[in-house]
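Chemist: Following is a predicted model, sequence given first.
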Amino acid sequence: MSIHKKASSTIAVGLVATLALTACSSDGPSAENGDATGTVNLTLLVDVSDQSMNIANAVVDAFNESQDGIEMEIESRPGGTDGDNLIKTRLATGEMNDVFNYNSGSLFAALDPANNLVALTDQPFMEGIDETFKTATKSGDDFYGVPFEQAMGGGILYNKSVYADLGLEVPKTWDQFMDNNAKIKEAGIDPVIQTYADTWTSQLFVLADFHNVSATQPDWAEKYTANEAKFAEEPALKGFERLQEVYDAGYLNKDFASATQSQGMQQLVDGTGAHYPMLTFAISSYVDLAEDAAENIGFFAQPGDDEGNYGLTAWTPGGFYVPKSTEGQQLDAVMTFLEFAASPAACDAVSDATTPNGPYMITECKLPDGLPAAVGDLQQYFTDGNASPALEFLSPIKGPNLEKIAVEVGSGIATAADGAARYDEDVKKQAQQLGLDGW
Amino acid sequence: MSIDASASPRPDRTEPGRTGSHLRKPKDHVGSRYPLWFYVPGGLVYLVFFIIPTAASFYFAFTRWTLFESEFIGFDNFVTFFNEPGLIGSLWNTLVYGFVTSGSKVVLGMALAVVLSLPVIARGYLRSVTFFPVLLSTVGVGLTFQVLLDPFNGIVNKAWTALSGMDGPGWLTNPDFALLSVAAIDVWKGLGIATLIYIAGIAAIPNEYFEAARVDGASGWQTFRSIILPLSFPATSTVILLSLIGGLRSFDLIWTTTGGGPGFSSDVIASVIYKQYQAGFYGLSTAGNVILFIVVTAIVYPLNRWLNSKETDL
């Protein structure tokens, strides 16, 4: 009897253990895709911001209508660093959706593309894609991305009626910018809007200054990657100094420490603030805030010391990427989708559904008429060939704490020199994590 | 010890494990009815979800880990962590936060419990009100207070401006106040538990002591000082331990109110670890967790021993 009991308890234990282990394993999302009618079902993972969702919906709807064999669905994910983690985790566990969107440049490089992503180099549709974008989604000798949205610029959004009322001109040097600020302050308007409740907005003076850095030292990014150039030294220190300068001069809105990005936009549109350092992807977020906002808000690149070098720091947009876990029928279907996404039809669908914020990264695509004034201002820099890529597209290193450090410098907690030195330390960890030489 | 056990006055109540089944086998029904096999399912779950991850995390703390691959780098992560300029600040903040919240909960919890143990009007209602914040989600509380404490649009500073005519302080945005503001929110939220434990502790004091005190003509203060305070010591040690452990590893409230900011001024170890994890420095953040584990243990274990020894002295 006792032997019998022992045997049955062994079986019970075995069963429980098997069940527990089955629960741990997973088949991944692609296993249940594809149904009896021959339609291939795909899922696209997109970050949850309005901007991205609108673009993704426009492209996916147009794609689903354009053909019958493939049905694509959108799954949303958090943005920011939580999203970074989710993407890395899914890639590492082989549970990534069939196709996903993500940043280009240094964040893309951190995904270990050669091991995790399908190279698109030989696909015919890659020919129509802008070279700048291809470089920003290149790893080794291969290209991995298809552009998801439009190119952006980092610089300063300004209220045109404030400029007109005070008789100001768009500054071409930092000194002119500070002169304008002094006059704006005299008129009782906040010269510079900062919004440190959304900490990422604090980095713009540093990031958008990079054109001025690379204009004075064209090989700065390479040296920086090789651990030979530092933010604590000229010329890169300038970005931090500018952040400190506007704070020290008392040019910030009084609620800078607690304001959010949308509050900042409201102040800019209302004319209680004159300048807002920003990325141009935010253009679509202010057009509905006031009747005249689309015409009344302009954009200029962050000026440096030398008028001769004046130009724009440009960001290439995020892209669509295909994980290695997508295979067979699914992979073929994804390629059909990417071919569509790289075609003018996709751009037109996006232009219909949203307000484009800048030039498309697909050569054949044209921007529609009647866009906000700031988009025109931005486009001008690209047309004039007066734009150069931001640091994150020239170097894989971006320290995670830049926004916190920028908040410290921009609200007088730390000096520019201390902040820059601290950021150099922060960057070191990233470089080591990436296994770069010389760190 | 096991030989003496049978001679000790209460062998199977104080040391059931040590008395050993081999000494009392004939009577040990419990041992024969439930075979060791029954431990296996629970043990397996414990092994898979606790022991293995813990062991793995101690290993990964010594690697540079990208989730895709890991490289053994010895103590480098710990060196980096201790070189992190924010770490000393965050360590100090963690201690300040832990001890401020724990101390406030002891003092305020005791005071509230004494009041709520008296026959006051609407006592049941007041007890519920005190306990209510405990039931709320911490993230919800954090976001609510972020709105309430907004320096210009929040209700707290609007009231401040109405009363004093000046702009109120930036509770969560001034680097000097941010950490203490969050600690105050934590106390508001966690006070209910401390009060509850104290009410139970006071209720457990035998009534004879109070009667004897009354007969001897003790004042209210004397009753508190000589009866309630010493005899509710078990409650005090529970409150200290629970709130200190909670305070030292506090994360959710800090993250939802200030995110460790402005800058790094309200960073605690847990938020530094989380930021390393967010940045993709998985090995480094695991090393941070090992450090947090050691810090909490180093503070709480001796404290627990000390509190327990005080308790038995009574």
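Modeler: Done, it's in. Please read these numbers as outputs of a predicted model, since none were measured by experiment.

Chemist: can we go C-alpha only for contacts and neighbour counts from here?
Modeler: Will do.

Chemist: mind listing the strands in the chain by residue range?
Modeler: Unless you meant another one, I'm taking chain A. A:40-47, A:70-77, A:99-102, A:138-139, A:142-143, A:146-147, A:152-159, A:190-192, A:273-279, A:297-301, A:312-315, A:319-321, A:387-389 (DSSP state E).

Chemist: my bad, chain B
Modeler: Under DSSP E, chain B gives strands at B:63-65, B:70-72.

Chemist: Can you tell me which of those is nearest to chain A?
Modeler: strand B:63-65 (6.5 Å; CA to the nearest CA).

Chemist: Partner strands of that closest one and their direction?
Modeler: Using DSSP bridges, strand B:63-65 pairs in its sheet with strand B:70-72 (antiparallel).

Chemist: Which residues does the strand it pairs with contact?
Modeler: The contact list for strand B:70-72, computed with CA atoms under 8 Å, 6 or more residues apart in numbering or on different chains, reads B:60, B:62-65.

Chemist: residues from the stretch 51-200 of chain A in reach of chain B?
Modeler: Listed as neighbours of chain B in the stretch 51-200 of chain A under the rule CA under 8 Å from any CA of the partner chain: A:81-82, A:84-85, A:88-89, A:92.

Chemist: what do you get if the cut-off is 7 Å, keeping everything else the same?
Modeler: A:81-82, A:85, A:92 (CA under 7 Å from any CA of the partner chain).

Chemist: Any idea which of those residues the model trusts least?
Modeler: Looking at these, model confidence by pLDDT dips furthest at A:Thr81: 74.

Chemist: mind listing what the nearest residue to it once chain neighbours are set aside touches?
Modeler: Closest residue to A:Thr81 apart from its sequence neighbours, by CA to CA, 6 or more residues apart in numbering or on different chains: B:Gln278 at 5.4 Å. The contact partners of B:Gln278, by CA atoms under 7 Å, 6 or more residues apart in numbering or on different chains, come to A:81-82, A:85.

Chemist: before we move on, back to that, may I see the strands of chain A organised as a markdown table, with mean neighbour count and mean pLDDT added?
Modeler: Converted to a markdown table, the strands of chain A look like this (neighbours: other CA atoms under 10 Å in any protein chain shown; pLDDT from 0 to 100):
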| stretch | mean neighbour count | mean pLDDT |
| --- | --- | --- |
| strand A:40-47 | 21 | 93 |
| strand A:70-77 | 17 | 93 |
| strand A:99-102 | 23 | 94 |
| strand A:138-139 | 18 | 86 |
| strand A:142-143 | 20 | 92 |
| strand A:146-147 | 28 | 92 |
| strand A:152-159 | 26 | 93 |
| strand A:190-192 | 26 | 95 |
| strand A:273-279 | 26 | 94 |
| strand A:297-301 | 25 | 93 |
| strand A:312-315 | 27 | 92 |
| strand A:319-321 | 24 | 94 |
| strand A:387-389 | 21 | 87 |
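
Chemist: Which one, of those, ends up nearest to B:Asp176?
Modeler: strand A:190-192 (24.5 Å; CA to CA).

Chemist: what packs against the closest one?
Modeler: helix A:174-186, strand A:273-279 (3 or more CA pairs under 7 Å, 6 or more residues apart in numbering or on different chains; DSSP states H and E).

Chemist: picking that back up, among the contacts of strand B:70-72, which one sits closest to A:Ala62?
Modeler: Closest to A:Ala62, out of all of the contacts of strand B:70-72 and judged by CA to CA, is B:Trp65, at 40.7 Å.

Chemist: Just list whatever residues bridge to that closest one.
Modeler: B:Ser70.

Chemist: quick one: contacts for it?
Modeler: If you count contacts by CA under 7 Å, 6+ apart, then B:Trp65 has B:71, B:281-283 around it.

Chemist: now B:Ile155
Modeler: B:148-149.

Chemist: quick one on the thing from earlier: now tabulate the residues of the stretch 51-200 of chain A next to chain B in JSON lines and tack on neighbour count.
Modeler: As requested, those are exported to JSON lines (neighbours: other CA atoms under 10 Å in any protein chain shown):
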{"residue": "A:Thr81", "neighbour count": "15"}
{"residue": "A:Asp82", "neighbour count": "13"}
{"residue": "A:Asn85", "neighbour count": "18"}
{"residue": "A:Ala92", "neighbour count": "17"}
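
Chemist: For A:Glu131, state which of these is nearest.
Modeler: Of those, the one sitting nearest to A:Glu131 (CA to CA) turns out to be A:Thr81, at 27.6 Å.

Chemist: Residue in the stretch 201-314 of chain B with the shortest distance to chain A?
Modeler: Closest point on the stretch 201-314 of chain B to chain A, by CA to the nearest CA, is B:Gly263, at 4.6 Å.

Chemist: wait, isn't that residue in contact with A:Ser411?
Modeler: No. Look at B:Gly263 against A:Ser411 with CA atoms under 7 Å: they stay out of range, at 8.8 Å.

Chemist: got any ranges where chain A has weak pLDDT?
Modeler: Along chain A, the parts satisfying pLDDT under 70 run over A:1-37.

Chemist: Let me see the contact set for the residue of the stretch 201-314 of chain B closest to chain A.
Modeler: A:404-405, A:407-408.

Chemist: now A:Met96
Modeler: Contacts of A:Met96 (CA under 7 Å, 6+ apart): A:90, A:323.

Chemist: Now with 6 Å, please.
Modeler: Neighbour list for A:Met96: A:Arg90 [criterion: CA atoms under 6 Å, 6 or more residues apart in numbering or on different chains].

Chemist: what's the neighbour count on B:Ser128?
Modeler: Around B:Ser128 there are 12 other residues, counting by other CA atoms under 10 Å in any protein chain shown.

Chemist: what residues are up against it?
Modeler: Here B:Ser128 is in contact with no residues (criterion: CA under 6 Å, 6+ apart).

Chemist: what do you get for B:Ser102?
Modeler: B:240, B:243-244 are the contacts of B:Ser102 under CA under 6 Å, 6+ apart.

Chemist: Export those as JSON lines, with columns for pLDDT and neighbour count.
Modeler: Shown next, in JSON lines, are those (pLDDT from 0 to 100; neighbours: other CA atoms under 10 Å in any protein chain shown):
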{"residue": "B:Ile240", "pLDDT": "91", "neighbour count": "25"}
{"residue": "B:Ser243", "pLDDT": "91", "neighbour count": "27"}
{"residue": "B:Leu244", "pLDDT": "89", "neighbour count": "24"}
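
Chemist: Just the residues you listed: which are in helices?
Modeler: B:240, B:243-244 (DSSP state H).

Chemist: Was I right to think B:Ser285 contacts B:Val272?
Modeler: No. Shown here, B:Ser285 and B:Val272 do not form a contact pair, counting by CA atoms under 6 Å, at 8.2 Å.

Chemist: of the two, who's got more company?
Modeler: B:Ser285 (27 against 24).

Chemist: how is the chain carved up into domains?
Modeler: Going with chain A. Under the assignment automatic domain parsing, the domains of chain A span A:37-150+A:317-365, A:152-315+A:378-434.

Chemist: not what I meant, chain B
Modeler: Annotated domains of chain B cover B:1-31, B:35-74, B:86-313 [automatic domain parsing].

Chemist: Looking at those domains, which one is packed in the most?
Modeler: domain B:86-313 (a mean of 18; mean count of other CA atoms under 10 Å in any protein chain shown).

Chemist: about what we covered before: return the subset of the contacts of B:Gln278 lying in helices.
Modeler: Short answer: the contacts of B:Gln278 in helices (DSSP H) are A:81-82, A:85.

Chemist: Reformat these as CSV; add distance to B:Ser232.
Modeler: Formatted as CSV, these follow (distance: CA to CA, whole Å):
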residue, distance to B:Ser232
A:Thr81, 47
A:Asp82, 45
A:Asn85, 47
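
Chemist: If we only consider the contacts of B:Gln278, which is nearest to chain B?
Modeler: Of these, the one sitting nearest to chain B (CA to the nearest CA) turns out to be A:Thr81, at 5.4 Å.
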